[in-house]
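Trainee: Sequence first, then the predicted structure:
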Amino acid sequence: MIATWIETHRRSLLMAVAIFALAGALCVRFLPVGLFPLVDFPRIVVSVDAGDRPVDRMVVEVVRPLEQALRSVPNVQTLRSTSSRGSAEVSLSFAWGTDMVTSLLQSESVVSRAMADLPAGTSFTVRRMDPTVFPVLGLSITSSKRSLAELHDIVTYQIAPTLSSLDGVAQVEVLGGRQSEYQVLLDPALLQSHGLTPADVAQALSAGNVVTAVGRLEDRYRLYLALADTRLKTEDDIRHTVLKTAASGLVELKDVGVVRLGEAPEWTRVNADGKDAVLLNVRQQRGASTVRLVADARQRLTELKSSLPADVKVTSYYDQSGLIVGSAGSVRDAILIGAALAGLVLLAFLRNLRITLIISVVLPSVLLSTCVLLYVFGQSFNIMTLGGMAAAVGLVVDDAVVMLEHIARRLSERTSEDNPRPLILGYAAEMLRPLAGSSAATVVVFLPLAYLGGVAGSFFRPLALTMAITLTISFLISLLAVPLLARSFVRAADAATLETSGPFLDRVRGRITAISTRTMAAPRLVLLPILLLALAGGLAYFHLGSGFMPRMDEGGFIFDYRAAPGTSLSETDRLLRQVEGIVRSMPEVESYSRRTGLQLGGGLTEANEGDMFIKLKDGNRRPIEEVMSDVRQRVESTVPGLEIETAQLMEDLIGDLISNPQPIELKIYGADRAELAKAGVSIAAAIGKIPGVVEVFDGTRIAGDAVDIRFDRVRAALEGLDPENASAQLNLLLGGSVTSEIQSGEKMVGIRVWTPESLRERIEQLGALPLRGASGQMVPLARIADISVAVGQPQQDRENLRDIVAVTARLEGRDLGSAIKDVQATVAKLHLAPGIRIEYGGIYAEQQRSFNELVLVFLAALLLVATLLMYLYERVSVVVAILATSLLTFPGVFVGLWLTGTELDLSSMMGLTMVIGIVTEVAIFFFAEVDTRAAITAKDLVHATEARLRPILMTSAIAILALMPLALGIGTGSEMQRPLAITIISGLIAAIPLVLLVMPAIFVVVDRMVVARGGSALAAK
């Protein structure tokens, strides 16, 4: 019936395949291109600014009320906060799969309601954490002639607006540079002589720099708006601002101070490649194509270049599209190389060009048709979807080869010389059941992944979806289109050539047949090889390292640094100049950018900390892990006083997005913060001695020192001052205050009322700062206040409303699993204070959560495969034999991972699940050679082994060689799929002897046991 249907609709079927392939070629142009799949990370961060209050008051007055309010947001699983001087961040972690848009709105609503109970002047921002928080393109702008203020204006008013208008851009952020402002430097003695205060000057500037609508006037048939304009327009206007009218005349601002064009105070430093610079970060919208956006940005910059000053240089310090294009190119090359190798295997085994050409048409048709459905399902081209297509190449070819091999074998069995073409569709129909069953076996293992959460599900679900789509399309084309192509191109002579094995394959077949005959005579002989395989697999498993995500060389890394608490910006900058010298001396480094007082991904940052992004050269160089280790060791040995951390950008990004940035994190809970800090120091010192555990942080971060000015209310009252008024005057004298602005073109330039720097250079000078009393007398600050230096307070971390200290560390040259075991053993030996409790977080906690979920996915996949097999055969012995064979490939996989030095991580765990389906597919084709509805003899199984030898060797070799480019990790980004490819290859290598020799023996043993219990030859049914 299926043959008749295919014959009737042969033209429409071939047309449909061609149209889908053409549509796929069109979809390739429209599919977004990114590094990773679009992942909805379930995390929201609330940033709070409440002035300059101490840490302990910040916790009591701001953070605790916010935590209690935010706890009411639906689906919140974890609340974590970090409080510093006047600022805090509260991180909300939700269940995976939560609607984050709704959660963001709910969080904003809760914080808005809580603002009424927080201190006046408190402000907040709420942001959703996703990959767009990191830029896709980072530009550094430098100039050999211009000041940082001029450079900042060029970037802000020329470059940034040009890039902001591009499709897909979410934000263009400008970092660094300086902003121009007019500074009014007041002389306290002159102010006193005229009976004025800094507040009087500020008031005069503010009141004398306005434009006000004072009414409307109708005259000569027109309506006019009357404007009273007292705006300041030039520096000279500021100087002549009238402050006071006295008997002696007018007192202007120039009489009490100096006006100059200066730069606003800036407590950050930014440079690139050793030069002061302005950095411009381009962030993309969710779902935008990174490659297209960066290409458009570069095109726009090229067009803009002619309008920029010749001395302004724009260079890229980070370009995510380069990694994406390199990764996509590597996967594309893996597909092409795999397809070419598969073609060579086909020619070697089949020695027929026509059949090879049929398969060379099928493969691109399947892959292009897959692109159509990826577009329909809203997917993108990324390292996971492309990797799924590359991993599926061998299986796609397998389906077509199995169909063609069956048709050719059936044709070779004909003795008549009549035209065999009309019979080909009938031969193809014979493969409907085994082909459908084998395809279903490889697809059904992906179904449980739809319910896999966490990072594992978010990243590997697109890969599974891609492979399921590809294999489903492959099945349909192999069943419907390949027979039609075979009918048109395959001749009887081709079939005769196909069945001529060659001397080498004949010798192999003879040996395998002899071994199979002996095994069928005494099937329990396979117990010894099974035990040896299990023993080897067990030994390999216990020597396997474990990790989380596969490591890949991104071509650049983040260098986080932190100077000693309280270190000034200038001193931190001096230390970092030394670090820059080390970085520039390394031959692998192409460029770098540095932020001090800022971070690439945002967050709480003091003036003594920041980060660098170090970009490495392409081509032949040391692996990135070696370069990172070298930089860390050189800095630690030559620049003392810096705490450093190194990580590749994507690793750092994923860690930040899941709120677990470090591989190792020990969360210490307790009631006494002093004991917590003490425990953190002890644990950090202990685990820092473990080999491979580096960059250990004890969890206590000290904010900078403070000058504590405590007003004496009695002394202040005697001078006619209250603390509030005195603080306001002090703010003007010490920090300055921008009281007004002057428009200059399209920007506004601030006017800051301040004092000369010579009056506020040293702490000792603060006591002499003059404050004006109620009767006009000038009072030095020291007369009404006590001035002292307060040692910096530690930042306070809390999780789920409890105090916490988090000790973190990174790894170097070690796998995560073995390192955690050593850490746990070391911590268990410590004598910590009573009441101290420790939990393990970080990447390790996410790994354990993902592994547990993957085990459940694996068991679900195994049950689904078992159900499918029982439906296909309704015979227990067949099902048990296939499942046992599939599971027996696992020791071979562990040996393969161990021999190649590959960790057991999310990628290899995915591969283990896929091995179940792939081995089941091979086993189904084996049992297609026997009638499972009748009694199966040993002779039948030997015949099946002989018949399936060449197809199994051929399809396995094709699948192995198609995956070999991924397994070798050739090209950028291929490391992400390498563990998966090695796992599948190892499983296929183990499956060949297991399916051909061990599985029939297992079937015989189980069948005999069931027959003995049931009492009939078909009791196994």
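Mentor: Noted; the coordinates are in hand.

Trainee: where are the low-confidence patches of the protein?
Mentor: 1, 350-352, 413-422, 491-502, 601-604, 659-661, 971-973, 1014-1021 (pLDDT under 70).

Trainee: which residue is nearest the middle of it?
Mentor: Centroid-nearest residue in the chain: I654, 3.8 Å away (criterion: C-alpha atoms, centre = their mean).

Trainee: which residues are in contact with the host helix or strand of that residue?
Mentor: Assigned by DSSP states H and E, I654 falls within helix 649-657. With C-beta atoms under 8 Å, 6 or more residues apart in numbering as the test, helix 649-657 has contacts from 35-36, 39, 41, 43, 129-131, 133-134, 318, 455, 549, 551-552, 554, 556-558, 601, 613, 647, 661-662, 842-843. Bear in mind the C-beta positions are built from the backbone N, C-alpha and C, glycine included.

Trainee: Which of those residues fall in strands?
Mentor: R43, Y318, G556, F557, I558, F613, A647 (DSSP state E).

Trainee: coming back round to it: now the residue nearest to the centre of the chain: how far from L425?
Mentor: 51 Å (C-beta to C-beta, to the nearest Å).

Trainee: phi, psi of S380?
Mentor: phi -130, psi 170 (degrees, to the nearest 10).

Trainee: and it, how far is that from T290?
Mentor: Taken as C-beta to C-beta, the span from S380 to T290 is 9 Å.

Trainee: The two - which one has more neighbours?
Mentor: Using other C-beta atoms under 10 Å as the criterion, S380 and T290 rank with T290 on top: 25 against 22.

Trainee: Surely that one touches F134?
Mentor: No. T290 is not in contact with F134 according to C-beta atoms under 8 Å; the separation is 11.3 Å.

Trainee: How about D553: what's its closest non-neighbour residue?
Mentor: I624 (4.6 Å; C-beta to C-beta, 6 or more residues apart in numbering).

Trainee: OK, contacts around the one you found?
Mentor: D553, E554, G555, G556, F557, L616, Q648.

Trainee: can you do 7 Å?
Mentor: D553, F557, L616, Q648 (C-beta atoms under 7 Å, 6 or more residues apart in numbering).

Trainee: The helix or strand containing T913: what's the following helix or strand?
Mentor: Using DSSP H and E, T913 falls within helix 906-927. For helix 906-927, the following helix or strand on the C-terminal side (DSSP H and E) is helix 938-967.

Trainee: The helix or strand that that next one is followed by: how far from the chain's middle?
Mentor: The helix or strand immediately downstream of helix 938-967 is helix 978-993, counting by DSSP H and E. Its chain's C-alpha centre and that of helix 978-993 lie 27 Å apart, by C-alpha atoms, centre = their mean, to the nearest Å.

Trainee: repeat for stretch 752-771
Mentor: With C-alpha atoms, centre = their mean, you get 48 Å for stretch 752-771.

Trainee: Run through who's touching that stretch.
Mentor: Contacts of stretch 752-771 (C-beta under 7 Å, 6+ apart): 181, 183-186, 188, 192, 198, 201-202, 205, 707, 721, 726, 729-730, 732-734, 736-739, 778-782, 787, 789.

Trainee: Which among these count as buried?
Mentor: 181, 183-186, 188, 192, 198, 201-202, 205, 721, 726, 729-730, 732-734, 736-739, 778-779, 781 (16 or more other C-beta atoms under 10 Å).

Trainee: Can you list which of those residues are found in helices?
Mentor: 188, 192, 198, 201-202, 205, 726, 729-730, 732-734, 781 (DSSP state H).

Trainee: so which two of these are the farthest from each other?
Mentor: Maximum pairwise distance among those (C-beta to C-beta): 23.8 Å, between L205 and L781.

Trainee: hey, where'd the helices end up in the stretch 751-900 of the chain?
Mentor: Remark: helices assigned in the stretch 751-900 of the chain by DSSP state H, counting those that start in this stretch are 781-784, 816-828, 842-873, 876-899.

Trainee: P462 is nearest to which of the ones you listed?
Mentor: Short answer: helix 842-873, nearest of those by C-beta to C-beta, at 15.2 Å.

Trainee: quick one: the strands in the stretch 401-550 of the chain?
Mentor: For the stretch 401-550 of the chain, applying DSSP state E, counting those that start in this stretch gives no strands.

Trainee: sec struct for I742, please.
Mentor: strand (DSSP: H, G, I helix; E, B strand; the rest coil).

Trainee: where do the helices sit along the stretch 501-650 of the chain?
Mentor: Counting by DSSP H, counting those that start in this stretch, the stretch 501-650 of the chain has these helices, from start to end: 503-521, 527-543, 569-585, 624-638, 649-657.

Trainee: highest average neighbour count across those?
Mentor: Highest mean neighbour count of the helices of the stretch 501-650 of the chain: helix 649-657, a mean of 22 (counted as mean count of other C-beta atoms under 10 Å).

Trainee: Report the inter-axis angle for it versus helix 842-873.
Mentor: 90 degrees (axes from the mean of the first three to the mean of the last three C-alpha atoms, to 10 degrees).
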